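In: Sequence below, structure please.
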Amino acid sequence: MFVRRAVADDGPAIAGLLMRAAARFEVKDYPLGSWPDGIEVLVAISDGHLVGWVEGVLDGAYTGPGAPTPPPHGYVLGIVVDPAWRRLGAGHMLLDGFVAVARASGVRWVFLFPEEGDGVEGRIRFLRAAGFSPVDDPDEEWPAMGRWA
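Out: Okay, the predicted model is just below:
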């Protein structure tokens with residue numbers, strides 16, 4: 001398994017993954033093989049199949065308390081791994097890949113907001129294992145999580 005930047009030909013497979021494994025995400029123009037300028041899209045590939053996706057920006061700004069460095073910040077907007085490929089390292093590889101892209105772009109810190117609702121505790125455990133720590137925000141039950149790039 002490996003992670004790389006997405007190319008236009010990945011669009012239909014990304015849309016299929018999102019519809020199959022995370023219907024709450026919009027497929028946007030992925031079926032057409034395009035996404036907005038400024039969006040970083042990485043995919044996990046195994047045996048020629050797209051098994052994971054992460055999308056984010058490198059010009060984000062965490063505006064709550066606790067950011068350890070001034071913007072720009074990397075901001076992970078979404079991550080999805082095919083259910084058949086979960087717990088095999090794809091999610092960690094995708095996040096590591098996004099952090100590496102951020103670092104290469106001069107970004108020093110990456111953040112995300114864990115999706116709340118059923119299973120949030122498991123998502124928090126996964127994100128902690130991937131190197132993310134809760135941002136000090138006393139007003140939030142499930143605060144943003146960040147990781148140094």
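In: from here on, contacts and neighbour counts on C-alpha atoms
Out: Will do.
In: Any regions of this protein where pLDDT drops low?
Out: 138-142 (pLDDT under 70).
In: Show me the strands in it, by range?
Out: Taking DSSP state E, the strands of the chain run over residues 2-5, 39-46, 49-60, 73-81, 109-112, 133-134, 145-148.
In: Which strands and helices lie in contact with the first one?
Out: I take that to be strand 2-5. strand 39-46, helix 90-104 (3 or more Cα pairs under 8 Å, 6 or more residues apart in numbering; DSSP states H and E).
In: again with the longest one
Out: Using 3+ Cα pairs under 8 Å, 6+ apart as the contact definition, the elements that strand 49-60 packs against are helix 11-21, strand 39-46, strand 73-81, helix 90-104.
In: Same list as before, those that is, but in TSV and with mean neighbour count and distance to residue 115 included.
Out: Shown next, in TSV, are the helices and strands packed on strand 49-60 (neighbours: other Cα atoms under 10 Å; distance: least, Cα to Cα, whole Å):
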stretch	mean neighbour count	distance to residue 115
helix 11-21	18	15
strand 39-46	21	19
strand 73-81	22	9
helix 90-104	21	15
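In: contacting residues around the nearest residue to residue 46 once chain neighbours are set aside?
Out: In space, and not counting its chain neighbours, residue 46 is closest to residue 1: 4.4 Å by Cα to Cα, 6 or more residues apart in numbering. By Cα atoms under 8 Å, 6 or more residues apart in numbering, the contact set of residue 1 is 44-47, 90.
In: what two of those are the furthest from one another?
Out: 47 and 90 (12.9 Å; Cα to Cα).
In: Let me have the helices and strands packed on strand 2-5 in CSV, adding distance to residue 33 as columns.
Out: Converted to CSV, these look like this (distance: least, Cα to Cα, whole Å):
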stretch, distance to residue 33
strand 39-46, 11
helix 90-104, 19
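In: which one of these lies closest to residue 12?
Out: With Cα to Cα as the yardstick, what comes closest out of the helices and strands packed on strand 2-5 is strand 39-46 (12.4 Å).
In: can you give me the angle the closest one makes with helix 11-21?
Out: 80 degrees (axes from the mean of the first three to the mean of the last three Cα atoms, to 10 degrees).
In: any idea how far residue 68 lies from residue 133?
Out: 12 Å (Cα to Cα, to the nearest Å).
In: Between these two, which contacts overlap?
Out: Joint contacts of residue 68 and residue 133 (Cα under 8 Å, 6+ apart) do not exist.
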